[in-house]
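**Q** Give me a 3D structure for the following:
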Amino acid sequence: MSLRWLIWSLLSPSQILLGIAIVGGLLLAVGRQGGRARDVGRVLCILGGTGLFVFGFLPTSHFIAHALETRFPQPKLPDHITGIVLLSGAERPAATEAYGEPQFSSAAGRYTTTLRLAARYPDARIVFTGGPAVDPDTGKEGQTAVAHRMLSSIGIDPARLTFEERSTDTCDNASNTKALVQPRAGETWVVVTSAMHMPRTVACFRAIEWEVIPQPADYHSDVSGVTTRTFQIADNLALLDTALHEWVGLVYYRLSGRTRELWPAPSTDGAFDPSRASP
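**A** Residues are numbered from 1 along each chain as shown. Sure thing, here's the model as predicted:
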């Protein structure tokens, strides 16, 4: 796990809300009656409890995620595509090594969508872009090793597969993949990633002037009404963490100059324009 992901895990919104509530409860328990500690504890309990109610018990996080997931609709794909770029993020290397079988997170929809496209376009290249096959710090399997296990074991011609394993973030995925495949003018490439992650992905690809077709996968938000998922506190908080991570990523990438758009928009009709595909 990278330091960046460790920090986000510790300081994610759900952790902060829970931490505020716990600290508030402890101050209430140990503080003296009428003392300042109890007053602070009461405020923290109210803040933490309110946050947990709004973002955990209520489906607020689904609406935060929904805006990201619906930014890029399902595309109108052409009759021919040159290649499919699959972004990493669904692989679970430690679990894969422990159980001897490729293991994936809730983002596994990236793979099912890629395999569906691979079957529809049997001549298209498939490029996986992610971290190293072997973690340099631990010597154990990394993201690319899991992807290789999966993609090379389901009947896909190995000649179609390419693995890019030097990327550490989304904009690395875009730039390293472009350098590897060297797309030509007029070629049609599709990028597959989670729907929530697609706005940041498109911003990174456009920043290096590579116009690709966004193919969202792996949807998690549900704003259709009250369902069995509506009041699942743990699920709602996990969705909040993922959605805010994407919102923060969009802002950070734009402010740091890695992208040129804060909120990239889809093409007007959802169709792919080959004239914009020049690398």
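**Q** Could you pull out the strands in the stretch 101-250 of the chain for me?
**A** With DSSP state E, counting those that start in this stretch as the criterion, the stretch 101-250 of the chain has strands at 125-129, 161-164, 189-194, 213-217.
**Q** Residue 209: neighbouring residues, count only.
**A** Using other Cβ atoms under 10 Å, residue 209 has 11 other residues around it. From N, CA and C alone the C-beta is placed, and that goes for glycine too.
**Q** Check the gap between it and residue 237 for me.
**A** Distance of residue 209 to residue 237, given as Cβ to Cβ, to the nearest Å: 38 Å.
**Q** can I get the strands of the stretch 101-250 of the chain in a markdown table with mean pLDDT?
**A** Conversion of the strands of the stretch 101-250 of the chain to a markdown table gives the following (pLDDT from 0 to 100):
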| stretch | mean pLDDT |
| --- | --- |
| strand 125-129 | 98 |
| strand 161-164 | 98 |
| strand 189-194 | 98 |
| strand 213-217 | 98 |
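**Q** elements contacting the longest helix that the chain contains?
**A** Secondary structure of the chain per DSSP state H: the longest helix is helix 233-255. For helix 233-255, the packing partners by 3 or more Cβ pairs under 8 Å, 6 or more residues apart in numbering; DSSP states H and E come out as helix 13-30, helix 60-69, helix 170-181, helix 198-207.
**Q** so where is this protein shaky, pLDDT-wise?
**A** Low-confidence segments of the chain (pLDDT under 70): 1-6, 228, 268-279.
**Q** picking up where we left off before, let me have the strands of the stretch 101-250 of the chain in TSV, adding distance to residue 51 as columns.
**A** Putting the strands of the stretch 101-250 of the chain into TSV (distance: least, Cβ to Cβ, whole Å) gives the following:
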stretch	distance to residue 51
strand 125-129	36
strand 161-164	39
strand 189-194	25
strand 213-217	29
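**Q** Go through these and name the closest to residue 141.
**A** strand 161-164 (13.1 Å; Cβ to Cβ).
**Q** hmm, who's touching that closest one?
**A** For strand 161-164, contacts defined as Cβ atoms under 8 Å, 6 or more residues apart in numbering pick out 125-130, 133, 144, 147-148, 151-152, 173, 176-177, 180-181.
**Q** these two touch, right, residue 38 and residue 25?
**A** No - Residue 38 is beyond contact range of residue 25, at 11.1 Å (criterion: Cβ atoms under 8 Å).
**Q** Highest mean neighbour count out of the helices and strands packed on helix 233-255?
**A** Mean neighbours per residue, mean count of other Cβ atoms under 10 Å, is largest over the helices and strands packed on helix 233-255 for helix 198-207, with a mean of 24.
**Q** what angle do that helix and strand 189-194 make?
**A** In terms of direction (axes from the mean of the first three to the mean of the last three Cα atoms, to 10 degrees), helix 198-207 departs from strand 189-194 by 150 degrees.
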